[in-house]
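# Sharing a sequence plus its predicted fold:
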Amino acid sequence: MTIKPLIILPDPLLRKVSAPVATVDVAVRRLADDMLETMYDAPGIGLAAIQIGEPLRMLTIDLSGEDEEKAPRVFMNPEILGTSDARSTYEEGCLSIPDYYAEVERPATVTVRYLGLDGKMHEEEASGLLATCLQHEIDHLDGVLFIDHISKLKREMVVKKFTKIARRA
C-alpha cells in the first residue's frame, strides 16, 4: 500500500468527470488499498479516486471512530437511485480543500447502487453521515465539489484563496 499525494484546489483535475471501473482486478484492488491508506493518513473519512489523480468512478469511506475498529468500504461505479425529501445539514470538509469547512444541506437518505470489491452489484439505503459522505464523494466523480453547494460569494472566496496559495507554491 502506498500513500498517494492529494490533488488540491484549484487543480482542474478535480473538475474532471471520472470514467467507470471496467473490471475488479488486481490493479483496482491495489488502487483501493492505496486510497484507503491515503485516506487514513490524511486523515479523512472519504476519498474519491480523482483526489489522488485517478479519474475512475471509485471511492472509499470509513466512518469508524478513533477508538473503533476500522471499517473500510469501497464503492465502484456508485449511482444514486433515489433520495429522500427530508434534508439534513452537516459541516463538510474535503481533503482536496484543506482546513475549510462549510454547512451543506443534502438529502437525508439516499439509495445507492454500486459495484463492490467482490465484483458484484450491491444496493443500499444510507442515512445520516454515510448518506452525506456518499453524496459528497459521488459528487467528486462528477467533477462537483462541496463548495458548489454553498453561496457563490463564499465559493469564489475559497477558490481565490486556494488559487493564491497554489501560485506561491
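Happy to help now that I have it. Numbers count the residues shown, from 1 in each chain.
# Provide the contact partners of stretch 111-122 at residue level.
Contacts with stretch 111-122, where a contact means CB atoms under 8 Å, 6 or more residues apart in numbering, come from 21, 23-24, 28-29, 32, 74-83, 123-126, 134, 138. Backbone N, C-alpha and C define where each C-beta goes, glycine included.
# ok, 7 Å please
By CB atoms under 7 Å, 6 or more residues apart in numbering, the residues outside stretch 111-122 that reach it are 21, 24, 29, 32, 74-82, 123-126, 134.
# what's the answer for stretch 89-105, then?
Contacts of stretch 89-105 (CB under 7 Å, 6+ apart): 6-9, 14, 42, 44, 47, 51, 87, 129, 132, 136, 145-147, 149-150, 154, 158, 162.
# Select from those residues every entry located in strands.
L47, R87 (DSSP state E).
# Buried among the contacts of stretch 89-105? Make that a ChimeraX selection.
Here is the ChimeraX command that picks out the buried ones among these, judged by 16 or more other CB atoms under 10 Å:
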select :6,7,8,9,14,44,47,51,132,136,145,146,147,149,150,158,162
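# So which of the contacts of stretch 89-105 sit within helices?
Within the contacts of stretch 89-105, residues falling in helices by DSSP state H are L129, T132, H136, K154, V158, F162.
# Please tabulate those in JSON lines and include distance to V110 as additional columns.
Converted to JSON lines, the ones in helices among the contacts of stretch 89-105 look like this (distance: CB to CB, whole Å):
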{"residue": "L129", "distance to V110": "12"}
{"residue": "T132", "distance to V110": "9"}
{"residue": "H136", "distance to V110": "11"}
{"residue": "K154", "distance to V110": "25"}
{"residue": "V158", "distance to V110": "25"}
{"residue": "F162", "distance to V110": "28"}
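# Quick one: buried ones out of the contacts of stretch 111-122?
Neighbour counting over those (16+ other CB under 10 Å) leaves V21, V24, A32, V74, F75, M76, N77, P78, I80, A126, L134 as the buried ones.
# and the second one, helix, strand or coil?
Secondary structure state of V24, per DSSP: H, G, I helix; E, B strand; the rest coil, is coil.
# OK, contacts around it?
By CB under 7 Å, 6+ apart, the contact list for V24 reads L115, L117, G119.
# Leaving out sequence neighbours, find the closest residue to the most centrally placed residue in the chain.
Residue closest to the average C-alpha location in the chain (CA atoms, centre = their mean): E137, at 2.5 Å. Among residues not flanking E137 along the chain, L59 sits closest, at 4.0 Å (CB to CB, 6 or more residues apart in numbering).
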